[in-house]
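> coords below, sequence missing:
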Ligand SMILES: C[S@@+](CC[C@H](N)C(=O)[O-])C[C@H]1O[C@@H](n2cnc3c(N)ncnc32)[C@H](O)[C@@H]1O
């Protein structure tokens with residue numbers, strides 16, 4: 001029997017859900033009932049179609065072969081990249097998520113190499129170097145304070161080879177914080193069976209509701225990352241160049257994309273240094 005059964009069935013936000021702004025709380029948000037429903041309804045094939053070859057092509061353009069997926073979740077990207085021939089290692093801070101990802105991968109003919117670790121102390125568990133680190137599915141948003149975000153980015157940086165890249169995505173929170181989107185706006189890859197909408201937004205909390213066709217509701221309390229802030233942090237921890245895409249496009253109007261995807265490069269550019 002899979003050890004996924006140990007995952008709690010109910011989310012726990014206490015008496016004052018809007019006060020929940022702690023990094024470690026993600027453990028209590030991804031409960032079994034939510035994860036199972038999400039996984040059953042978000043069709044992997046449809047999701048693969050909506051993402052296209054973006055991640056595979058970006059990794060190949062940078063010559064990446066060995067990839068560390070630090071936000072494995074239920075395994076979508078780990079499996080997709082393993083099938084495309086990359087050597088993938090899958091990390092998550094939730095061992096239940098890793099068990100679920102492992103089962104999902106096995107069902108699709110792949111054996112995942114998994115490492116259970118929180119990003120804040122990733123290098124205690126990960127002792128190898130990678131060509132790329134991926135942190136996808138709006139996962140970085142679970143870090144609720146500046147120190148945790150800097151520490152995690154520094155841990156990602158440290159596990160990359162000298163010319164490695166970090167690919168990290170995030171919701172377009174700027175549009176939300178600056179009230180540039182309609183409240184009815186539906187979000188990226190949700191499809192018809194699940195509706196995701198913001199219930200509360202302020203400069204340090206974005207609480208989203210995920211509502212399923214049968215009326216079941218779940219919530220995630222996330223930190224609303226501004227795009228410029230994430231780019232700045234990446235540069236401050238040592239990444240030399242950051243290119244940001246909007247919904248996989250290189251050119252976009254700021255308020256339009258649902259998601260931004262940052263590609264941060266570690267390579268030291270000597271020409272740029274000489275010019276400055
Ligand atoms: C949105 S889900 C995964 C998304 C997955 N990449 C996808 O696109 O389907 C976010 C994942 O990040 C993990 N996570 C959140 N904060 C973490 C942390 N501080 N350290 C390690 N894992 C974390 C959660 O356990 C969860 O599995």
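Happy to help now that I have it. This structure is a prediction, so every number in the text was calculated from the model and none was measured.
> who are the neighbours in contact with the closest residue to the ligand within the chain?
Of all residues in the chain, residue 137 sits closest to the ligand, at 2.1 Å by Cβ to the nearest ligand atom. Heads up, the C-betas are built off the backbone N, CA and C, glycines and all. By Cβ atoms under 8 Å, 6 or more residues apart in numbering, the residues touching residue 137 are 71, 73, 76, 77, 169.
> Most neighbours out of those residues, which is it?
Using other Cβ atoms under 10 Å as the neighbour criterion, residue 77 leads the contacts of residue 137 with 26 neighbours.
> quick one: it is in a helix?
Yes - assessed by DSSP: H, G, I helix; E, B strand; the rest coil, residue 77 belongs to a helix.
> Would you confirm that it contacts residue 69?
Yes - assessed by Cβ atoms under 8 Å, residue 77 is found in contact with residue 69 at 5.5 Å.
> Name the residues contacting each of those two.
What both residue 77 and residue 69 touch, as defined by Cβ under 8 Å, 6+ apart, is the set 134, 136.
> what's in contact with stretch 60-71?
Outside stretch 60-71, the residues touching it (Cβ under 8 Å, 6+ apart) are 59, 77-78, 81, 86-92, 119, 122, 126, 128-137, 139-140, 156, 159, 163-165, 265.
> and the residue of the chain closest to the ligand, what element?
Assigning secondary structure by DSSP states H and E places residue 137 outside every helix and strand.
> Provide the partner residues of residue 211 in its beta bridges.
residue 195, residue 217 (DSSP bridges).
> ok, back up a step: ok, so what distance separates the residue of the chain closest to the ligand from residue 30?
11 Å (Cβ to Cβ, to the nearest Å).
> what do you get for residue 217?
Taken as Cβ to Cβ, the span from residue 217 to residue 30 is 15 Å.
> what about the two, which has more around it?
residue 30 (23 against 12).
> next one: stretch 38-45 to chain centre, how far?
In terms of Cα atoms, centre = their mean, to the nearest Å, the gap separating the centre of stretch 38-45 from the centre of its chain is 16 Å.
> Is there proximity between that stretch and the ligand?
No - Stretch 38-45 does not reach the ligand (Cβ under 6 Å from any ligand atom); its nearest approach is 7.9 Å.
> Next: stretch 221-235.
No - counting by Cβ under 6 Å from any ligand atom, the ligand is not contacted by stretch 221-235; separation bottoms out at 9.3 Å.
> rewinding a little: out of the contacts of residue 137, which are close to the ligand?
71, 73, 76, 77.
> Pick the one among those residues closest to residue 260.
residue 71 (15.6 Å; Cβ to Cβ).
> And the pLDDT for the closest one?
pLDDT, residue 71: 97.
> Show me what the host helix or strand of residue 220 is packed against.
Residue 220 belongs to strand 217-222 when assigned by DSSP H and E. Contacts defined by 3 or more Cβ pairs under 8 Å, 6 or more residues apart in numbering; DSSP states H and E place strand 217-222 against helix 26-29, helix 32-41, strand 205-212.
> What helices and strands are in contact with the second one?
Under the contact criterion of 3+ Cβ pairs under 8 Å, 6+ apart, the helices and strands touching helix 32-41 comprise helix 95-107, strand 194-202, strand 205-212, strand 217-222.
> which residues do residue 137 and residue 30 both contact?
Joint contacts of residue 137 and residue 30 (Cβ under 8 Å, 6+ apart) are residue 73.
> related to what we said a few turns ago, could you point out which element follows the strand holding residue 220?
Following strand 217-222 toward the C-terminus (DSSP H and E): helix 227-236.
> Residues of the chain that sit close to the ligand?
Going by Cβ under 6 Å from any ligand atom, the residues of the chain near the ligand are 23, 26, 30, 71, 73-74, 76-77, 92-94, 97, 118-120, 136-139, 142.
> what's the following helix or strand after the helix or strand where residue 49 lies?
Per DSSP H and E: residue 49 is located in helix 44-51. Scanning forward in sequence from helix 44-51 by DSSP H and E, the next helix or strand is helix 54-61.
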